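J.: Prediction below, plus the sequence it came from.
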There are 2 protein chains.
Amino acid sequence: MPERNRRLILAERPTGKVEDSTLRLEQHDVPEPGPGQALVRNRYVSIDPTIRTWMDDVHGYLPPIGIGEVIRAGGIGEVERSNCERYKEGDLVFGLTGWQDYVLADEGAAVMRALPPGVDPTAALSVFGLTGMTAYFGLIDVGEVREGDAVVVSGAAGATGSVAGQIARIKGASRVVGIAGSPEKCAWLVDELGFDAAINYKTDDVAARLRDACPDGVDLYYDNVGGELLDIALAQLALRGRVVLCGAISSYNSREQIVGPKNYRNLIPRRGRMQGFIILDYAERYPEAQAQLAQWVGEGKLKFKTHIVEGLENAPDALNMLFSGGNTGKVIVQVD
Amino acid sequence: MPERNRRLILAERPTGKVEDSTLRLEQHDVPEPGPGQALVRNRYVSIDPTIRTWMDDVHGYLPPIGIGEVIRAGGIGEVERSNCERYKEGDLVFGLTGWQDYVLADEGAAVMRALPPGVDPTAALSVFGLTGMTAYFGLIDVGEVREGDAVVVSGAAGATGSVAGQIARIKGASRVVGIAGSPEKCAWLVDELGFDAAINYKTDDVAARLRDACPDGVDLYYDNVGGELLDIALAQLALRGRVVLCGAISSYNSREQIVGPKNYRNLIPRRGRMQGFIILDYAERYPEAQAQLAQWVGEGKLKFKTHIVEGLENAPDALNMLFSGGNTGKVIVQVD
């Protein structure tokens, strides 16, 4: 057990990727839980593209992280000491633990929830966590995936994309096409996850490959990336095609250079729609999704991969990796 | 009755607005109706932005007009001679009459429908025609307008926009804001049509005016224009806001310079959607909309304005006027 509480603090807002000057490592005393509080030792933190958006001075679906505040992040920790009924010593809990060794959980605020027994903590942060929820509700509720759909996923080798594509396959899509950034990722999508095709956007002619893979157009485009890929998908949208806007990682590090999708106009003749969502809106239905995903995992229909990065101090590099494409599957930092 | 059939033929595809070289005026013999056909003398043609899109070599919701073909356009004509049961001499009929003096209606193809008795032909081409249908179904079905919505309409002094804004008011919108291109148009929207505010995009700071007019954001943006105005509306979208894509006239004359809406990303935190539609899909429900619109017109709740241009030869200028903003309300060419 560390005797100090390391905290990664937002020192200045980044203009591009996270740099050395973006964050400051502070060492604090381990906090003392007051009445009704518990001390939680952080074990794993989830690395998600959205963390980068919270560093900008933009009020999105949550307020920006303030200068001088610890980096906000979902995570899983273990209760070390407790002064309340809600948390027992040794419990694994999840919530917004942040980029730090210790956090206080509060009985009233209920920011931490107990992890169901037997669930692996890394699985709880990936396929059964917000990542899996985002894939599930994005594809099924927002995208209204239907049997026979031609479904295309960008960022397909990422945590959310890889699950979304598999759900499309399970739901009876006529074809599932992933767009990813390396031959290894493309091979993983097709050989391991059962995608019908995978396109390497760094080396392939994406528009031509997509036309081959979806000759009747794209019924559902699950977009994690934005940018040029979104424009290509819009150009090839099928009649009544749907674009699910999950994220736009191609632009999170380059706010000044965002290019809008000029082919948005194609939504008119195609009677298409483009729709955004935030997974927090579906919180009441997480149990439904978790049960379904657990069943598919148990049946061997749904696979997921976790990329563990060791050490809290490496969390900034882990976040940057999401944008450089260094990961396959879910990136999780093992704090200690 | 003219002894010749003047026809405006697509001679070459325009790159910007319609020029002298775009069209060729041909003089033909008046066609002879065969068995099962009727000869229709064209009286009024509807001038719509979509005609310009048909001149491009792009297969949208309809095939492009071919080089050497007459310009496609909706219109109303009078049956002069008939060799079939369906059409009687003197009947007023509407359909795709095109930019020409005469057209043959065919009993089988049923391209012409009888105008209900007592309906003014120019009203039939505007508020009770595709213009009114587009406003009605776009706002109600695609946009799902709700009581209390803050509704913004671009191209608001145009044929469709002016009707759409009034329907929003009738449906209980908390505020209706029009964006138009002259002080006269803005005054007409507010003083005559009951809009709550009107913004002159040529002289006003649109973003600032829109924030004042809709301090809680834009619930429904009915877009006829695209371009920078769409981006401003997206930036100010309210939670679960809807963007109805009716048209994008800012770009129809400048295909090479289309700028995509970079603020499409705001659809994510706002849980918003952007959706296109084509009015032809609603054909079965036109009678429902026409009855409702007729009731509102009868009650004095819904007003419309018609801008008549005389002479078939002036149809190209009439079309260009839609893009330069010379019209208020519906532009119709009186053929003869």
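T.: Yes, it's here.

J.: who in the stretch 51-200 of chain A is up against chain B?
T.: Proximity of the stretch 51-200 of chain A to chain B (CB under 8 Å from any CB of the partner chain) is limited to residues A:60-61. C-beta coordinates here come from the backbone N, C-alpha and C atoms, glycine included.

J.: now the helices: where do they sit in the stretch 51-200 of chain A?
T.: For the stretch 51-200 of chain A, the helices defined by DSSP state H, counting those that start in this stretch cover A:121-125, A:130-137, A:159-170, A:183-187.

J.: who's the closest residue to chain B within chain A bridged to?
T.: At 2.9 Å from chain B, A:Gly260 is the closest residue in chain A, using CB to the nearest CB. Per DSSP bridges, the residues bridged to A:Gly260 are B:Gly260.

J.: In chain A, where is pLDDT below threshold?
T.: Across chain A, the ranges flagged by pLDDT under 70 are A:1-2, A:109-111, A:255-256.

J.: what's near enough to touch the residue nearest to A:Glu69 when sequence neighbours are not counted?
T.: Nearest residue to A:Glu69, sequence neighbours excluded (CB to CB, 6 or more residues apart in numbering or on different chains): A:Leu10, at 5.8 Å. Counting by CB atoms under 8 Å, 6 or more residues apart in numbering or on different chains, A:Leu10 touches A:22-23, A:55, A:65-71.

J.: How about the residues of the stretch 201-336 of chain A by chain B?
T.: Counting by CB under 8 Å from any CB, the stretch 201-336 of chain A comes close to chain B at A:226, A:231, A:245-248, A:251, A:258-278, A:281.

J.: Just list the residues touching the residue of chain A positioned farthest from its centre, thanks.
T.: In chain A, counting by CA atoms, centre = their mean, A:Pro35 sits farthest out from the average C-alpha position, at 34.6 Å. Contact partners of A:Pro35, counting by CB under 8 Å, 6+ apart, are A:83-84.

J.: repeat that with 10 Å
T.: A:Pro35 makes contacts with A:83-84, A:107, as judged by CB atoms under 10 Å, 6 or more residues apart in numbering or on different chains.

J.: Now do the same for it: helix, strand or coil?
T.: Classification of A:Pro35 using DSSP: H, G, I helix; E, B strand; the rest coil returns coil.

J.: one step back: does the residue nearest to A:Glu69 have beta-bridge partners, and which?
T.: Listed beta-bridge partners, A:Leu10: A:Leu23 (assigned using DSSP bridges).

J.: how near is it to B:Val335?
T.: Distance, A:Leu10 to B:Val335, by CB to CB, to the nearest Å: 68 Å.

J.: circling back to that earlier point, what residues are up against the residue of chain A closest to chain B?
T.: A:Gly260 is in contact with A:226-227, A:230-231, B:230-231, B:234, B:258-265, counting by CB under 10 Å, 6+ apart.

J.: circling back: mind listing which of the residues of the stretch 201-336 of chain A next to chain B are in strands?
T.: Using DSSP state E, the subset of these located in strands is A:245, A:273-276.

J.: Looking at those residues, which is nearest B:Val40?
T.: Taking CB to CB as the measure, B:Val40 lies nearest A:Arg273 of those, at 38.4 Å.

J.: Just confirm A:Ile9 contacts A:Pro316, I think it does.
T.: No: using CB atoms under 10 Å as the test, A:Ile9 is too far from A:Pro316 to be in contact (11.6 Å).

J.: With neighbour numbers in mind, choose between the two.
T.: Set A:Ile9 next to A:Pro316 and count neighbours by other CB atoms under 10 Å in any protein chain shown: A:Pro316 wins out with 23 against 18.

J.: Assign the more buried one to helix, strand or coil.
T.: Recorded secondary structure, A:Pro316: helix (three-state DSSP).

J.: so what's it closest to, chain neighbours aside?
T.: A:Val18 (4.8 Å).

J.: so which helix or strand takes in that neighbour?
T.: According to DSSP states H and E, A:Val18 maps onto no helix or strand at all.

J.: check contacts around it.
T.: A:10, A:51-52, A:55, A:71, A:253, A:315-320, A:323.

J.: These: which two are farthest apart?
T.: It's A:Leu10 and A:Phe323 that sit farthest apart of those, by CB to CB, at 17.6 Å.

J.: show me the contacts for A:Gln334.
T.: A:42-45, A:121-122, A:308-312, A:314.

J.: Mark which of those are buried, thanks.
T.: The neighbour count (16 or more other CB atoms under 10 Å in any protein chain shown) marks A:42-45, A:121-122, A:309, A:312 as buried among the contacts of A:Gln334.

J.: count of residues packed around A:Asp57?
T.: 9.

J.: Just confirm it contacts A:Arg13, I think it does.
T.: Yes: with contacts counted by CB under 10 Å, A:Asp57 reaches A:Arg13, the gap being 5.8 Å.

J.: Neighbours of A:Arg273, how many?
T.: Using other CB under 10 Å: A:Arg273 sits among 24 other residues.

J.: From A:Leu280, how far off is it?
T.: According to CB to CB, A:Arg273 stands 22 Å off from A:Leu280.

J.: And A:Asp191, by the same measure?
T.: From A:Asp191 over to A:Leu280 the distance is 34 Å, taken as CB to CB.

J.: before we move on, what about A:Leu8?
T.: A:Leu8 sits 23 Å away from A:Leu280, going by CB to CB.

J.: which of the two has more neighbours?
T.: In this view A:Leu8 and A:Leu280 are compared by other CB under 10 Å, and A:Leu8 has more residues nearby, 21 against 10.

J.: Need the nearest residue in space to that one, chain neighbours excluded.
T.: A:Trp99 (3.9 Å).

J.: follow-up on the earlier one: any idea which of the helices of the stretch 51-200 of chain A is most buried?
T.: helix A:159-170 (a mean of 27; mean count of other CB atoms under 10 Å in any protein chain shown).
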